[in-house]
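Trainee: Pasted the sequence and its predicted model underneath.
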Amino acid sequence: MANVKELFSLEGQTALVTGGTRGIGQAMALALAEAGADILLVQRDDSNQFTKTAIEALGRRATIYVADLSSPSSVSSLVPNILADGHRIHILLNCGGIQRRHPAHQFPDDDWHAVLQVNLHTVFTLCRDVGAHMLEQPSDLALNRRGSIINVASLLSFQGGITVPAYAASKGGVAQLTKALSNEWASKGISVNAIAPGYIATEMNTALMQDKDRASSILGRIPAGRWGSPQDFKGAVVFLGSAASAYVSGEVLTVDGGWMGR
């Protein structure tokens with residue numbers, strides 16, 4: 001039986017990561033690298049080299065693949081291009097996402113479709129394509145494990161939010177997609193889980209943090225007494241990506257300072 005350090009090690013594995021150029025996604029990409037994984041970074045362009053450089057400083061390989069998550073054709077060609085280069089994907093981390101805020105009765109069609117495309121359609125496409133690849137790979141016989149898929153959900157997978165109907169719908173969909181895929185693939189050695197961030201001090205929440213009344217009411221409801229930071233996700237993503245979670249699938253793990261327990 002593997003010891004604890006071995007269970008959490010990602011040595012010899014490769015992770016495909018979207019949304020890794022900043023915030024939560026960047027912290028999680030670096031955490032996977034710190035645990036031993038090489039990283040395939042999906043970016044809109046290759047001008048931002050910060051995450052790649054930081055991964056390489058850890059002694060891991062980092063490769064940037066350029067793709068537009070808002071384009072179905074770009075997303076559909078991504079995994080075939082990666083596999084054509086000879087990579088095996090052991091971990092998929094879907095962290096790329098966008099936000100649009102409008103009163104629901106004024107929410108524009110274009111923004112609705114944009115959010116659903118990036119936050120849900122792209123997640124499904126990558127899960128489908130990487131999942132098909134994983135199913136073709138040999139299983140770790142000791143753990144019956146072929147790979148791990150980790151989606152990023154939200155507190156709004158459970159709650160409705162305010163002025164963010166598209167985001168709430170997309171993240172509710174991510175949670176249910178995660179469970180549906182787990183039902184099909186857990187028996188085949190693919191763990192499918194999601195991480196649901198609470199209120200985190202990132203660029204996506206700038207508008208909330210600048211609204212003094214809402215920011216104060218949110219902080220007052222968080223039992224931990226603070227907004228989260230990207231660093232709070234490092235342990236969760238390594239756990240779900242590693243053999244330590246081999247018997248965990250179909251879960252939505254909240255990292256929220258106790259918000260959902262209140």
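Mentor: That came in fine, so what should we check first?
Trainee: the strands in this structure, which residues?
Mentor: 14-18, 38-43, 62-66, 91-94, 147-152, 190-197, 252-255 (DSSP state E).
Trainee: can you put these in JSON lines and add mean pLDDT, distance to residue 102 and mean neighbour count?
Mentor: (Each C-beta comes from the backbone N, C-alpha and C, glycine too.) Converted to JSON lines, these look like this (pLDDT from 0 to 100; distance: least, Cβ to Cβ, whole Å; neighbours: other Cβ atoms under 10 Å):
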{"stretch": "strand 14-18", "mean pLDDT": "98", "distance to residue 102": "25", "mean neighbour count": "26"}
{"stretch": "strand 38-43", "mean pLDDT": "98", "distance to residue 102": "28", "mean neighbour count": "24"}
{"stretch": "strand 62-66", "mean pLDDT": "98", "distance to residue 102": "30", "mean neighbour count": "17"}
{"stretch": "strand 91-94", "mean pLDDT": "98", "distance to residue 102": "25", "mean neighbour count": "28"}
{"stretch": "strand 147-152", "mean pLDDT": "98", "distance to residue 102": "22", "mean neighbour count": "27"}
{"stretch": "strand 190-197", "mean pLDDT": "98", "distance to residue 102": "22", "mean neighbour count": "26"}
{"stretch": "strand 252-255", "mean pLDDT": "98", "distance to residue 102": "26", "mean neighbour count": "20"}
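Trainee: Those into TSV, with extra columns for distance to residue 114?
Mentor: What follows is the strands of the chain, written out as TSV (distance: least, Cβ to Cβ, whole Å):
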stretch	distance to residue 114
strand 14-18	16
strand 38-43	18
strand 62-66	19
strand 91-94	17
strand 147-152	17
strand 190-197	21
strand 252-255	24
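Trainee: looking at the ones you listed, which is closest to residue 28?
Mentor: The minimum distance between residue 28 and those falls on strand 91-94, with 6.1 Å, by Cβ to Cβ.
Trainee: Paired strands for that closest one, with orientation please.
Mentor: strand 14-18 (parallel), strand 147-152 (parallel) (DSSP bridges).
Trainee: How far does the longest one sit from its chain's centre?
Mentor: So that's strand 147-152. 7 Å (Cα atoms, centre = their mean, to the nearest Å).
Trainee: ok, now the first one?
Mentor: Centroid separation between strand 14-18 and its chain, computed with Cα atoms, centre = their mean, is 9 Å.
Trainee: Just the residues contacting that strand, thanks.
Mentor: The contact list for strand 14-18, computed with Cβ atoms under 8 Å, 6 or more residues apart in numbering, reads 25, 28-29, 32, 37-42, 69, 79, 82, 87-96, 122, 126, 130, 241.
Trainee: Could you check the angle that strand makes with strand 38-43?
Mentor: 20 degrees (axes from the mean of the first three to the mean of the last three Cα atoms, to 10 degrees).
Trainee: so strand 14-18 versus strand 62-66, what angle?
Mentor: Going by the same axes, to 10 degrees, strand 14-18 makes 40 degrees with strand 62-66.
Trainee: CA atoms only: put strand 14-18 into PDB for me.
Mentor: Extracted C-alpha coordinates of strand 14-18, given in PDB (Å, rounded to 0.1, in the frame of the first residue of the first chain):
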ATOM      1  CA  THR A  14       0.500  15.500 -17.000                       C
ATOM      2  CA  ALA A  15      -2.300  18.000 -16.300                       C
ATOM      3  CA  LEU A  16      -4.300  20.000 -18.900                       C
ATOM      4  CA  VAL A  17      -5.300  23.300 -17.300                       C
ATOM      5  CA  THR A  18      -7.600  26.100 -18.600                       C
END
